[in-house]
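K.L.:
Sequence and predicted structure below; questions after.
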Amino acid sequence: MLLAIIVILWNINGVILCLLSGALSMGAFYFFIWRCMEKVDSEKLIIELNFRNEVINERLEGNEVSSEKMLELLPETVIDKRTLETIEIHKLFKSLDYTKTFVGAAHLCHSLINPPESIELVYAKQDAFCELAANVNLQKAIKEFLVGFHEGEADIFTFLNAHIHPMTAYGDYKKAMRAIEKMMTLVKKIPQPETVYLDSMVKTIKSFNRSITRELVEGPVYRTLSGLKARSDKTIFNPGLRFYPTRLGIGFWGPGLSALFFLAGWLIPFMNPPKALVLCLLFTMMTAGGGLYGLLIKPIIDYETAILPVREMLLESNRFGSALEAVAAIDELLSFVRFAENMPHPTTIPEITNESSHFFVARGLRNPISARDEPGFVPNDVNLTNARMTFITGPNSGGKTTYCKTIVQNQLLAQIGAPVVASAAMINMADHITYQAPSFDSLADNEGRFGTELKVTRDIFYSVTPRSLAILDEIAEGTTTNEKITLSVDIMNGFLAIGNNTMLVTHSHELVDRFCEQGQGQYLHVEFKDDKPTHKMVPGISRDSHAHRVAEKIGFSPLDIENYLREKGYKTEG
């Protein structure tokens, strides 16, 4: 009997411990998401960045969020701006952007330019994506919320951006407050999500209800000696005047009604007519004064003492800022779902890891920009694992650059929690992503093309770690062939020693032969069939540049030159 009691107690304790452990784990994860939101809020993308630089301009219809402007303003983090321009970040943004709101588009653009470095956040976004993609009812509710929010979003940003005039500010103020009220009403209709990320976003929006700023939005607003106060914040020791967002207030309606009363007393009459007429004229003059005050003076006073202070309180409110960020994060997730649905090729949520060295493995990888409009886009399998160096050879217009851009673009999608355009993928988080494309010297460079490009290679070399992805499109250009090969060998051996993933695009098969002889790296080249590129990357080294094909394509082959010279009379027969 005693033994049975001990066993039961032991099992009960085990259950309790399991429950406590689960609760603590869930609590820890919620805390992590909260900290992530707090970090986002501290950056104040929507509020502070927009306040300083107006990254959302509701007046620019069709171009309210500019990826070009955000790229210029945001700092470099995981991926540098030169690389972002090289991989066509603005086209990638447009390809991925199915957002319903301005804030969602800004958040998506921010993610692409400054991808998160936390793998936990990526996992949370991936889980939320899967829930949203699978739950049609939740997806519908969130879409209705976002569409409803967007209907008043321009009014919110007209107010936040101070695109208002003192004489017409009452209407803008009331529209903005109604739009915020609508946001808080609509969010109640979203069913509770199961994933932590989505649930925390919804709760973040709802948490704005528990702030004093929310009470000011709901009204009424009182002007006191210590600033604006909500009704719950006003005491008998801190009296205030209620703010009415209208031109004609008590100063007009009070005397006006009195004038009408005495006018009736004079006309009917139910009081002494001379006295009624005098009082009617007196209150009529007061009404006229109240009307002039309401039309000309009151709007300016209210603009300075009530409307602008409410705007400042919204801009300074952490909960309001976090609520807008949460709306943006939800919209970004829905955009990922729409992107996957509208892509005419397989997409997948990649398996993301955070190992000590970078790798990228994908089956049927396609370019997220070009493949959207090309049903026949040729896929490639990618295996950047143990080799650490990948040499890609082949002619121009064969697809080498597209292949490299495709890898970087999908790496970026993976690191923001979005699906990649592949049938399967396993990708390690990169701490630095860089792409060196050919550049040319400027008047400011004293070293010429060779020095200009070598500086870029130098900066890349000193910035990478074993967890980095570096793509080099020709290096040590602008010098003799022998010097180029010798220096390139030293540079590539340096990258090999670091241990990062390095891809080199080159026409120099002699350079690649050096590493092939040592058994270092992997070698890919553009596949050709019937003297035309298939855009497939296959193992091997290309020793034919197919320059004649490109020359014929652009009309500058030896035969074209010959015909031109004969046609112009510069060369005769024989």
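P.N.:
Ah, there it is. Residues are numbered from 1 along each chain as shown.
K.L.:
List the buried residues in stretch 316-330.
P.N.:
317-330 (16 or more other C-beta atoms under 10 Å). (Each C-beta comes from the backbone N, C-alpha and C, glycine too.)
K.L.:
Secondary structure added to those residues, as CSV?
P.N.:
Conversion of the buried residues of stretch 316-330 to CSV gives the following (DSSP: H, G, I helix; E, B strand; the rest coil):
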residue, secondary structure
S317, coil
N318, helix
R319, helix
F320, helix
G321, helix
S322, helix
A323, helix
L324, helix
E325, helix
A326, helix
V327, helix
A328, helix
A329, helix
I330, helix
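K.L.:
right, and out of the residues you listed, which lies closest to L186?
P.N.:
Taking C-beta to C-beta as the measure, L186 lies nearest V327 of the buried residues of stretch 316-330, at 10.1 Å.
K.L.:
Would you enumerate the residues in contact with that closest one?
P.N.:
101, 103-104, 146, 149, 183, 205 (C-beta atoms under 8 Å, 6 or more residues apart in numbering).
K.L.:
So which of those sit within strands?
P.N.:
Applying DSSP state E to those, no entry is found in strands.
K.L.:
didn't E131 look like it was pressed against Q192?
P.N.:
No - between E131 and Q192 there is no contact under C-beta atoms under 8 Å: 11.3 Å.
K.L.:
Compare these two and say which is more crowded by neighbours.
P.N.:
E131 (18 against 9; other C-beta atoms under 10 Å).
K.L.:
Measure how buried the closest residue to that one other than its chain neighbours is and give me the count.
P.N.:
Closest residue to E131 apart from its sequence neighbours, by C-beta to C-beta, 6 or more residues apart in numbering: T195 at 4.6 Å. For T195, the neighbour count with other C-beta under 10 Å is 20.
K.L.:
What residues does T195 make contact with?
P.N.:
Shown in contact with T195 (C-beta under 8 Å, 6+ apart): 124, 127-128, 130-131.
K.L.:
residues near A418, how many?
P.N.:
30.
K.L.:
Begin at 42 from now on, thanks
P.N.:
Got it, first residue is 42 now, which makes that one A459.
K.L.:
Which helix or which strand is home to the closest residue in space to it that isn't next to it in sequence?
P.N.:
Leaving out its chain neighbours, the residue that sits closest to A459 by C-beta to C-beta, 6+ apart is F377, at 4.7 Å. Take DSSP states H and E as the rule and F377 turns out to sit in helix 359-383.
K.L.:
That helix: what's the following helix or strand?
P.N.:
Helix 359-383 is succeeded, C-terminally, by strand 392-394 (DSSP H and E).
K.L.:
The residue most central in space within the chain and C445: what is the separation?
P.N.:
The residue lying closest to the centre of the chain (C-alpha atoms, centre = their mean) is L149, at 2.1 Å. Using C-beta to C-beta, to the nearest Å, L149 is found at 23 Å from C445.
K.L.:
so S152 sits in a helix?
P.N.:
Yes - using three-state DSSP, the assignment for S152 is a helix.
K.L.:
residues touching it, list them.
P.N.:
Applying C-beta under 8 Å, 6+ apart, the residues contacting S152 are 373, 457.
K.L.:
Please apply the same query to M326.
P.N.:
Listed by C-beta under 8 Å, 6+ apart, the contact set of M326 is empty.
K.L.:
Then it would be within a helix, right?
P.N.:
Yes - under three-state DSSP, M326 sits within a helix.
K.L.:
can you tell me how far it sits from G297?
P.N.:
In terms of C-beta to C-beta, M326 sits 11 Å off from G297.
K.L.:
can you check T426 too?
P.N.:
83 Å.
K.L.:
Those two: which has the busier surroundings?
P.N.:
Neighbour count, other C-beta under 10 Å: between T426 and G297, G297 has more, with 18 against 15.
K.L.:
what about the residue nearest to that one when sequence neighbours are not counted, distance to V319?
P.N.:
Leaving aside its sequence neighbours, G297 sits nearest to T328 (C-beta to C-beta, 6+ apart; 4.3 Å). Distance from T328 to V319, counting by C-beta to C-beta: 15 Å.
K.L.:
So the two - more neighbours on which side?
P.N.:
A count of neighbours by other C-beta under 10 Å puts T328 above the other of T328 and V319, at 21 against 13.
K.L.:
For the more buried one, list the residues it contacts.
P.N.:
T328 touches 293, 296-297, 300, counting by C-beta under 8 Å, 6+ apart.
K.L.:
The residue lying closest to M111 once chain neighbours are set aside: neighbouring residues, count only.
P.N.:
Residue nearest to M111 in three dimensions, not counting chain neighbours: C150, with 5.0 Å by C-beta to C-beta, 6+ apart. By other C-beta under 10 Å, 27 other residues sit near C150.
K.L.:
Brilliant, that's me finished.
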